[in-house]
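1. I need the structure of the sequence given here:
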Amino acid sequence: MLLLALWGVWTRTAGLTDRLDPRQPLIQVLVMASMFGTLVMAAAAPEAFHERGMIFAGAYVATDVGRYTVVVLMLSGHEAQRLFIRLLFWSVVSAVPWIAGAVAQDTARIVLWTLAVAVEYAATALGYSTPGLGRASPADFEVSSEHAAERFQQLFIIALGELILVTGLTYSGSGFGADSSAATAIAFATTALLWRIYIHRAGQLLAEAIAAASNPVRVGTLAVHAHLVMIIGILAIAVGDELVIEHPFGHTDPALIAVILGGPALFLAGRALFEYGVFSRVSRNRLIGFGVLAAISPTMILLPPLVVAAAAALVLAGIAVSDAARARGRPPEPPSPPG
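-> Numbers count the residues shown, from 1 in each chain. Here you go, the predicted structure:
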């Protein structure tokens with residue numbers, strides 16, 4: 001839930017710089033204010049369901065509503081103001097359950113915050129339909145293909161950086177034993193394989209796919225959803241890497257298997273959606289890899305965490321090798337995004 005909230009802040013801030021000139025001092029101030037608000041949210045997130053709920057929700061609402069209030073005032077009399085009035089309207093609507101949830105406790109907070117996130121994502125699906133203004137048109141959300149592709153690659157690199165940071169910090173406190181060193185090597189290899197699988201073909205051609213699409217907004221939306229799923233997968237992998245480095249031969253329970261194998265599976269699912277957005281198809285090795293991870297999950301409970309992590313890395317390595325083998329000697333495939 002908190003990830004979806006923070007993801008929304010990122011996408012809406014990025015959308016702001018798509019539609020308005022980021023060289024304007026006021027837009028730069030808004031971006032920096034969003035950065036500070038996100039910093040406060042990230043600091044409060046670990047205790048957001050306890051004593052820091054109001055700090056998280058307050059920073060979230062202030063960042064979202066404040067951003068659009070300033071932009072609406074700035075664009076007074078401009079045609080683009082209509083879009084930002086729609087965005088402001090839905091930000092205010094979702095602010096109600098955010099603040100109410102912060103005041104509430106326990107299950108009530110979870111329910112209200114789930115409602116707040118649902119409202120925000122439903123607003124996107126409804127085209128930010130607003131009383132008196134109607135729905136926004138797809139043209140309102142068109143972005144520069146090169147800008148979008150570059151942004152997604154940067155976001156993915158940051159996510160991998162988080163994975164490397166967690167690996168390094170955990171290893172530094174592990175005592176540098178042979179077992180923890182082996183777990184660290186597997187974690188780093190997994191990170192490298194994630195990058196290799198991500199960038200292969202589709203990761204290099206997103207800009208061209210958006211530019212060539214008859215419906216660029218649809219391709220861009222698929223890319224947003226695909227990257228969200230991939231990021232969730234990477235976060236799960238980070239949790240698994242930390243636990244495996246700390247306890248390479250500890251007890252393997254279903255929750256640990258879920259992060260060690262589920263993380264790569266989620267990444268592959270997101271990567272398959274990403275590939276569909278660029279080529280209108282999904283490579284079989286992505287589906288096979290996903291199926292193998294699911295199939296071996298029940299038996300992994302009998303093995304130590306280090307072996308489970310190695311199995312996940314081997315599946316990713318198989319996909320990377322098959323990608324390279326399939327591409328060898330063939331001309332690069334042009335993008336053919338869905339219509």
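2. where does the stretch 201-339 of the chain have low pLDDT?
-> Residue ranges of the stretch 201-339 of the chain with pLDDT under 70: 339.
3. just the strands in it please.
-> Counting by DSSP state E, counting those that start in this stretch, one finds no strands in the stretch 201-339 of the chain.
4. list of residues touching stretch 247-256?
-> Outside stretch 247-256, the residues that touch it by CB atoms under 8 Å, 6 or more residues apart in numbering are 179-180, 182-183, 240, 243, 300-306, 308. Backbone N, C-alpha and C define where each C-beta goes, glycine included.
5. now list the buried members of those.
-> If you count burial by 16 or more other CB atoms under 10 Å, the buried members of those come out as Asp179, Ser180, Ala182, Ala183, Gly240, Leu243, Met300, Pro304, Pro305, Leu306, Val308.
6. check those residues and tell me the two furthest apart.
-> Ser180 and Met300 (19.7 Å; CB to CB).
7. got the contacts of stretch 247-256 as CSV, with distance to Ala116 columns?
-> Shown next, in CSV, are the contacts of stretch 247-256 (distance: CB to CB, whole Å):
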residue, distance to Ala116
Asp179, 44
Ser180, 41
Ala182, 43
Ala183, 38
Gly240, 29
Leu243, 31
Met300, 37
Ile301, 37
Leu302, 42
Leu303, 41
Pro304, 41
Pro305, 36
Leu306, 40
Val308, 36
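8. in helices only, show me those.
-> Counting by DSSP state H, the part of those found in helices is Asp179, Ser180, Ala182, Ala183, Gly240, Leu243, Pro305, Leu306, Val308.
9. so who does the spatially most central residue of the chain touch?
-> Geometric centre of the chain, nearest residue: Leu228, 2.9 Å, by CA atoms, centre = their mean. Shown in contact with Leu228 (CB under 8 Å, 6+ apart): Leu4, Trp7, Gly270.
10. give me that answer again for 6 Å
-> For Leu228, the contacting residues are Trp7, by CB atoms under 6 Å, 6 or more residues apart in numbering.
11. how much space separates it from Thr69?
-> For Leu228, the distance to Thr69 equals 27 Å [CB to CB, to the nearest Å].
12. now swap in Asp140 and tell me
-> Relative to Thr69, and taking CB to CB, Asp140 is found at 19 Å.
13. more crowded one of these two?
-> Neighbours were tallied for Asp140 and for Thr69 using other CB atoms under 10 Å; the higher tally belongs to Asp140 (18 against 14).
14. what pLDDT does the more buried one get?
-> If you check Asp140, the pLDDT there is 81.
15. so is it in a helix, a strand, or just coil?
-> helix (DSSP: H, G, I helix; E, B strand; the rest coil).
16. doesn't Leu83 make contact with it?
-> Yes - contact status for Asp140 versus Leu83: in contact at 4.9 Å, counting by CB atoms under 6 Å.
17. residue with max distance from the center of the chain?
-> Relative to the C-alpha centroid of the chain, counting by CA atoms, centre = their mean, Gly77 is the outermost residue, at 35.3 Å.
18. how far away is the closest residue in space to Ala294 that isn't next to it in sequence from Ala159?
-> The spatially closest residue to Ala294, leaving aside those adjacent along the chain, is Ala265, at 6.6 Å (CB to CB, 6 or more residues apart in numbering). Counting by CB to CB, the separation of Ala265 from Ala159 is 16 Å.
19. where along the stretch 51-200 of the chain do the strands fall?
-> Counting by DSSP E, counting those that start in this stretch, the stretch 51-200 of the chain contains no strands.
20. with adjacent residues omitted, what lies nearest to Ser174?
-> Ser180 (3.8 Å).
21. repeat that for Ala123.
-> Trp90 (4.0 Å).
22. how far away is the closest residue to Ala311 other than its chain neighbours from Ser76?
-> Distances taken as CB to CB, 6+ apart place Ile296 nearest to Ala311, at 6.2 Å, with adjacent residues excluded. Counting by CB to CB, the gap from Ile296 to Ser76 is 60 Å.
23. quick one, which of the two is more surrounded?
-> The neighbour comparison of Ile296 against Ser76 (other CB under 10 Å) goes to Ile296, with 16 against 7.
24. burial check on the closest residue to Arg52 other than its chain neighbours, number of neighbours?
-> Once flanking residues are discounted, Arg52 sits nearest to Ala44: 4.2 Å by CB to CB, 6+ apart. Using other CB under 10 Å, Ala44 has 21 other residues around it.
25. isn't Ala44 right up against Ala57?
-> No - using CB under 6 Å, Ala44 is not in contact with Ala57, being 8.8 Å away.
26. so what's the spatially closest residue to Ala269 that is not a sequence neighbour up against?
-> In space, and not counting its chain neighbours, Ala269 is closest to Val229: 5.7 Å by CB to CB, 6+ apart. Contact analysis of Val229 by CB under 6 Å, 6+ apart lists Leu266, Ala269, Gly270.
27. mind putting those into TSV with neighbour count?
-> Output for the contacts of Val229, formatted as TSV (neighbours: other CB atoms under 10 Å):
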residue	neighbour count
Leu266	22
Ala269	19
Gly270	22
